[in-house]
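S.K.: Need the 3D shape of this:
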Amino acid sequence: MISITEWQKIGVGITGFGAFFILLGALLYFDSVLLAFGNRHKLKGTSFFLGGVIVVLLRWPLLGMFLETYGFFSLFRGFFPVAFGFLGNAFNIPFLSELFRRLQGTSSMV
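M.R.: Down below sits the predicted model:
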């Protein structure tokens, strides 16, 4: 009989959870209702991003990373104003404003 340590049992459990969620994600990916809500109108960005992944796997990493970056920016172009707007208003949130004030005071170079 093979002796299995506690760390190996934890690793097998985490691997099992990962395999389950990958299988669930693959099954839900091909669901027609979820595809209807998907990013069909962003086909250009998706194709550039996935094409960049394929180019990286074909051993052209610099070109692939440029394609992935272009695809990423074209996919999330509508989200950037929301994110920057939140960052601009983050100083008005009570907890974050206190955190920013404390971090600002500790940035001495000496």
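
S.K.: Can you tell me which residue is spatially central in this protein?
M.R.: Phe72 (10.5 Å; C-alpha atoms, centre = their mean).

S.K.: Give me the helices and strands touching whichever strand or helix holds that one, please.
M.R.: Element membership of Phe72 [criterion: DSSP states H and E] is helix 61-75. Counting contacts by 3 or more C-beta pairs under 8 Å, 6 or more residues apart in numbering; DSSP states H and E, the secondary-structure elements packed against helix 61-75 are helix 43-57. C-beta here means a position set from N, CA and C on the backbone, and glycine is covered the same way.

S.K.: For the helix it packs on, C-alpha coordinates in PDB please.
M.R.: Listed next in PDB are the C-alpha coordinates belonging to helix 43-57 (Å, rounded to 0.1, in the frame of the first residue of the first chain):
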ATOM      1  CA  LEU A  43     -15.600  39.200 -32.000                       C
ATOM      2  CA  LYS A  44     -12.700  41.300 -33.200                       C
ATOM      3  CA  GLY A  45     -11.100  41.700 -29.800                       C
ATOM      4  CA  THR A  46     -11.700  38.000 -28.900                       C
ATOM      5  CA  SER A  47     -10.100  36.800 -32.100                       C
ATOM      6  CA  PHE A  48      -7.100  39.000 -31.600                       C
ATOM      7  CA  PHE A  49      -6.700  37.900 -28.000                       C
ATOM      8  CA  LEU A  50      -7.000  34.200 -28.800                       C
ATOM      9  CA  GLY A  51      -4.900  34.600 -31.900                       C
ATOM     10  CA  GLY A  52      -2.200  36.100 -29.700                       C
ATOM     11  CA  VAL A  53      -2.300  33.100 -27.400                       C
ATOM     12  CA  ILE A  54      -1.900  30.800 -30.400                       C
ATOM     13  CA  VAL A  55       1.000  32.900 -31.800                       C
ATOM     14  CA  VAL A  56       2.700  32.700 -28.300                       C
ATOM     15  CA  LEU A  57       2.300  29.000 -28.300                       C
END
